[in-house]
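>>> let me see the structure of the following:
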Amino acid sequence: MDKIWAFASYNLWSQFAPPVGQEYFHCDMKRGFARARQREPGVAAVKDLDNTPQRIGILAQQGVYEFHQNPKLFSRKDAVELVAEILQLSQESTPVQERVILILTNYHQQPILLGKNIIKLNRGDEGFPPPIILKQGNYLFNFFAAIDCIFAEPDGTIHILDFKTGKSEFDRRQAYLYLLAASYLYPSQPAIASFYNLETGKQSDPLRATADTLQAFKIEMSLIAQRHQKDLKRYRDDPAEFDIIFPPNPGSNCSYCPFNSICEFSSVILEVAA
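Predicted coordinates:
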């Protein structure tokens with residue numbers, strides 16, 4: 001079989017269309033930098049810069065993983081300090097250290113996975129998971145679903161749990177995509193998906209999906225994969241059309257964009273704001 005280049009994932013979908021309520025802050029040019037120009041030296045350098053929220057999320061996931069590598073830690077008073085040492089937390093910036101210590105403390109006090117029949121628990125730094133090859137009509141594409149944790153409920157139901165940090169709201173689209181993945185990974189078992197915020201302790205209600213719902217999301221992933229490949233080809237054919245293929249949305253959101261230092265549209269806004 002020829003190599004399949006087309007792909008789709010929740011991350012790519014969110015770069016096309018943000019969660020409900022975040023439309024005003026969405027900028028498609030971020031997708032252009034991250035996906036079409038990612039190998040350019042200037043763009044690659046920006047992508048390699050420290051991303052504090054992302055770093056906190058990875059360390060939080062690693063902390064949960066380390067707790068469950070040695071469940072005896074839950075009965076130790078110095079468990080948080082021991083896990084922080086394993087994570088080499090002292091080498092991180094002060095804001096990262098403070099928030100991750102809070103997350104570790106919260107999880108030590110409320111370990112929601114303790115006693116669960118854990119099937120899979122990722123450490124958070126494994127990289128891309130193996131793709132699920134989906135076929136919609138005659139179109140083949142790779143579907144990526146990076147799942148944090150899978151455990152079995154007492155009745156055999158597969159429960160997919162996604163860990164969150166920060167203040168962002170849960171996006172139900174992501175849960176449904178996890179359920180789409182589960183329908184291929186565990187085709188003979190019912191599945192549910194939920195979110196848990198490791199900082200706030202907020203947990204979502206579990207979501208289920210009918211076969212029709214999963215088919216609708218599969219179709220959406222197919223459309224996203226096709227549109228993205230079309231945009232990449234348009235850019236390769238005519239790089240001068242970058243801002244037309246990936247239109248910018250300059251505004252206050254530029255302050256939080258990792259590409260603001262190399263984006264000609266955000267630099268104007270930032271200079272005015274300064």
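
>>> and Gly21, which helix or strand is it part of?
Counting by DSSP states H and E, no helix or strand carries Gly21.

>>> phi, psi for it please.
Main-chain torsions, Gly21, degrees, to the nearest 10: phi 100, psi -10.

>>> for it, give me its contacts.
Each residue near Gly21 by C-beta atoms under 8 Å, 6 or more residues apart in numbering is listed here: Glu169. C-betas here are computed from N, CA, C, even on glycine.

>>> one more: Thr52?
Contact partners of Thr52, counting by C-beta under 8 Å, 6+ apart, are Ser93, Pro95, Val96.

>>> can you list which of the residues you listed are found in helices?
With helices defined by DSSP state H, the entries of the contacts of Thr52 inside them are Pro95, Val96.

>>> just the buried residues of the contacts of Thr52.
Among the contacts of Thr52, those classed as buried by 16 or more other C-beta atoms under 10 Å are Val96.

>>> so which of the contacts of Thr52 is the closest to Ser252?
Of all the contacts of Thr52, Pro95 has the smallest distance to Ser252: 21.6 Å, by C-beta to C-beta.

>>> off-centre distance for stretch 49-69?
How far stretch 49-69 lies from its chain's middle: 13 Å, per C-alpha atoms, centre = their mean, to the nearest Å.

>>> quick check: buried residues in it?
So for stretch 49-69, counting by 16+ other C-beta under 10 Å, buried means 55-68.

>>> and these as a markdown table, adding secondary structure and pLDDT?
Shown next, in a markdown table, are these (DSSP: H, G, I helix; E, B strand; the rest coil; pLDDT from 0 to 100):
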| residue | secondary structure | pLDDT |
| --- | --- | --- |
| Arg55 | helix | 91 |
| Ile56 | helix | 95 |
| Gly57 | helix | 94 |
| Ile58 | helix | 94 |
| Leu59 | helix | 96 |
| Ala60 | helix | 97 |
| Gln61 | helix | 96 |
| Gln62 | helix | 97 |
| Gly63 | helix | 97 |
| Val64 | helix | 98 |
| Tyr65 | helix | 98 |
| Glu66 | helix | 97 |
| Phe67 | helix | 97 |
| His68 | helix | 97 |
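
>>> and the furthest pair within those?
Pairwise across those, and taking C-beta to C-beta, the largest span is found between Arg55 and His68, at 21.1 Å.

>>> where do the strands of the stretch 101-250 of the chain begin and end?
117-121, 132-136, 139-144, 149-152, 158-164, 191-197 (DSSP state E, counting those that start in this stretch).

>>> which among these is found nearest to Ser204?
Ser204 lies closest to strand 191-197 among these, at 4.4 Å (C-beta to C-beta).

>>> Tyr186 versus Gly156, what's the distance?
Between Gly156 and Tyr186 the computed distance is 10 Å (C-beta to C-beta, to the nearest Å).

>>> and these two? which has more neighbours close in?
Tyr186 (17 against 11; other C-beta atoms under 10 Å).

>>> wait, that one sits on Ile158?
Yes. Counting by C-beta atoms under 8 Å, Tyr186 touches Ile158, with 5.0 Å between them.

>>> how about the helices of the stretch 101-250 of the chain, start to end?
172-185, 211-237, 242-245 (DSSP state H, counting those that start in this stretch).

>>> of all those helices, which one comes closest to Ser255?
helix 242-245 (19.7 Å).

>>> show me what counts as buried in stretch 222-233.
Using 16+ other C-beta under 10 Å as the test for burial, stretch 222-233 gives Ser222, Ile224, Ala225, His228, Asp231, Leu232.

>>> put the alpha carbons of that stretch into PDB.
C-alpha atoms of stretch 222-233 as PDB (Å, rounded to 0.1, in the frame of the first residue of the first chain):
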ATOM      1  CA  SER A 222     -12.500  12.900   6.300                       C
ATOM      2  CA  LEU A 223     -13.500  16.400   5.200                       C
ATOM      3  CA  ILE A 224     -10.900  18.000   7.500                       C
ATOM      4  CA  ALA A 225      -8.200  15.700   6.100                       C
ATOM      5  CA  GLN A 226      -9.100  16.500   2.500                       C
ATOM      6  CA  ARG A 227      -9.300  20.200   3.000                       C
ATOM      7  CA  HIS A 228      -6.000  20.400   4.900                       C
ATOM      8  CA  GLN A 229      -4.200  18.500   2.100                       C
ATOM      9  CA  LYS A 230      -5.700  20.800  -0.400                       C
ATOM     10  CA  ASP A 231      -4.500  23.800   1.500                       C
ATOM     11  CA  LEU A 232      -1.000  22.400   1.800                       C
ATOM     12  CA  LYS A 233      -0.900  21.700  -1.900                       C
END
